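In: this is a predicted model, with the sequence first.
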Amino acid sequence: MAHPRKKLLIIAAGALLLLALVGFALRQELTGVLDDGVDRWVQVSAGAFQTCGLEEGGHIACWGKLYKGRARRVSGSFVQVAAGAEHTCGLDADGLAQCWGTDYKGSTTPPAGVAFTQISAGWDYACGVKKADSTVACWGHNGQGQARPPAGVKFSRVAAAYAHTCGVRADGAIQCWGDNKEGQSDTRQGPFTGVDMGECYTCGLAKDGHVQCWGCVNRALAKPPKDGRYVQLSAGYRHGCGRAKDGTVSCWGHHNNGQADPPVAKYLDVDLGFYHSCGVKADNTITCWGWNEFGQDPRRPVKRIRHGTTCPWEGLGLVFMMEGRNDKAKEFLKYAIKRGPTTETKKYIGLAKIYVDEGKREEARAMLRKAIQIDPKSTSGEDARRMLAELEGRAQPPPPGGRGPGPAHPPGKRPYRAAPLP
């Protein structure tokens, strides 16, 4: 009789083999959908973890990380697809929105019977321009006011992002709502023909084809080329791409996972996700570049994060944290620590804040001490030092080589308030 430990190893090996075969079969299925020569793609939408395409016949197919309720292929007569973080929406021929995926706070529940001319899916919400009066309606998470559009204002287009939303008004100006900590929701006069946004910045496509961006542009390294002229604009987490009149695509911004390096080709459409980018080429095929850990383009090898670069998991965790979804944020930040470079402190500080909110002071202290150890002289290191001092109820110690004892927080800078112990 086989030893119990040996039996367990055999079972485990069998389970891993089964998962590998299922994954291979799925990749083969999706690769077949993309390369069978039958489907002609007219639009692509890149989400946080997945990619969706609209076929010439009106069907939608999605691939990548499939959350609960997110379909791989949706039959119907659609005219647009919009991929978000954990949900996707399609606009049918009658202008009605259909959504599927994780229904966080109603993100997959559009208003019944309302027809739209265009829709956009953000992180945990979606918005659309209503056919009846050109005003905007939104549904889903509204933690920063991103799903509360201005009443009575007419728009030609709307774009949903992470915690702020923008639209091109009938007069060509761009008006935004939601988070505005970095000035990303400031109104800009036009005339503009398009708008898209990243983590904390907004970019508008001017009528003459050049791109203007505002918000955390310098910090996000999302500065577009001054001499670029485009007919289409798309923005990712911290990178952007523009499609020129001749079909060529150029990109700018963060390039740590190859997301700003499009293959040389002529394109009909381009769209950016969190850390990956996709385009519909002139022959109506879809190609993607950048992060590919979940098979955002199943024809390419799995492309995990590069060691020593900004980790997508950290950014994803911080966005979930901003949305108040601490369970998801903790999952991603822990994974960032496990998988990402050891020289970045934000993930440790983010986890510390979550632990404080949960009343787990010791865990919070451990994360803050780690952040201070990694980078004691940076702004993040000083933030960690200040939080740790407040948690321990003492004056803030000076950083190495600092000017000596000082106040618990710099004058004019609001301290982080630790939650009281239960």
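Out: Perfect, I can see it now. Numbers count the residues shown, from 1 in each chain.
In: does residue 158 really touch residue 166, like I thought?
Out: Yes - counting by CB atoms under 8 Å, residue 158 does reach residue 166; the two are 7.4 Å apart. Using the backbone N, CA and C atoms, a C-beta is placed for each residue, glycine as well.
In: higher neighbour count, those two?
Out: Ranked by neighbour count (other CB atoms under 10 Å), residue 158 and residue 166 place residue 166 first, with 29 against 26.
In: state the phi and psi torsions of that one.
Out: phi -140, psi 150 (degrees, to the nearest 10).
In: so for it, what's the nearest residue that isn't a sequence neighbour?
Out: residue 176 (4.0 Å; CB to CB, 6 or more residues apart in numbering).
In: what segments of this protein are helices?
Out: 4-35, 217-220, 312-322, 326-339, 346-357, 361-374, 379-391 (DSSP state H).
In: can you check what angle separates the fifth one from helix 379-391?
Out: With axes from the mean of the first three to the mean of the last three CA atoms, to 10 degrees as the basis, helix 346-357 and helix 379-391 are set at 20 degrees to each other.
In: residues of helix 346-357 that come out buried?
Out: 346-356 (16 or more other CB atoms under 10 Å).
In: reformat the residues you listed as JSON lines; add distance to residue 368 and pLDDT.
Out: As requested, those are arranged in JSON lines below (distance: CB to CB, whole Å; pLDDT from 0 to 100):
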{"residue": "346", "distance to residue 368": "12", "pLDDT": "72"}
{"residue": "347", "distance to residue 368": "12", "pLDDT": "71"}
{"residue": "348", "distance to residue 368": "7", "pLDDT": "75"}
{"residue": "349", "distance to residue 368": "7", "pLDDT": "76"}
{"residue": "350", "distance to residue 368": "11", "pLDDT": "75"}
{"residue": "351", "distance to residue 368": "9", "pLDDT": "73"}
{"residue": "352", "distance to residue 368": "5", "pLDDT": "78"}
{"residue": "353", "distance to residue 368": "10", "pLDDT": "78"}
{"residue": "354", "distance to residue 368": "12", "pLDDT": "75"}
{"residue": "355", "distance to residue 368": "9", "pLDDT": "76"}
{"residue": "356", "distance to residue 368": "9", "pLDDT": "77"}
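In: how close does the most centrally placed residue in the chain sit to residue 198?
Out: Taking CA atoms, centre = their mean, the centroid of the chain lies closest to residue 274, which sits 3.9 Å from it. When distance is defined by CB to CB, to the nearest Å, residue 274 is 10 Å away from residue 198.
In: so what's in contact with these two at the same time?
Out: 236-237 (CB atoms under 8 Å, 6 or more residues apart in numbering).
In: that older thread, thought the residue nearest to residue 166 was touching residue 165?
Out: Yes - here residue 176 lies in contact with residue 165, judged by CB under 8 Å, at a distance of 6.5 Å.
In: and stretch 237-247, which residues are buried?
Out: Here stretch 237-247 shows 237-244 as buried, counting by 16+ other CB under 10 Å.
In: in strands, which of these fall?
Out: 239-243 (DSSP state E).
In: and which of the residues you listed is nearest residue 202?
Out: residue 240 (10.7 Å; CB to CB).
In: pLDDT weak spots in the protein?
Out: Within the chain, the stretches with pLDDT under 70 are 1-38, 66-71, 220-221, 298-344, 377-378, 380, 394-422.
In: please parse it into its domains.
Out: 38-290, 307-422 (automatic domain parsing).
In: who touches both of residue 176 and residue 165?
Out: Counting by CB under 8 Å, 6+ apart, the residues touching both residue 176 and residue 165 are residue 197.
In: what about residue 132, how many residues nearby?
Out: 10.
In: contacts only, for it.
Out: 114-115.
In: the strands in the stretch 151-300 of the chain, which residues?
Out: Secondary structure of the stretch 151-300 of the chain by DSSP state E, counting those that start in this stretch: the strands cover 155-160, 164-169, 174-178, 192-197, 201-206, 211-215, 232-235, 239-243, 249-253, 267-272, 276-281, 286-290.
In: wait, which of those is closest to residue 389?
Out: Nearest of these (CB to CB): strand 211-215, 31.2 Å.
In: surely residue 208 meets residue 231?
Out: No - in this structure, residue 208 is not within contact of residue 231 by CB under 8 Å, at 11.2 Å.
In: neighbour count: the two, which is higher?
Out: residue 231 (14 against 8).
In: phi first, then psi, for the more buried one.
Out: Given degrees, to the nearest 10, the pair of backbone angles that residue 231 has is phi -110, psi -10.
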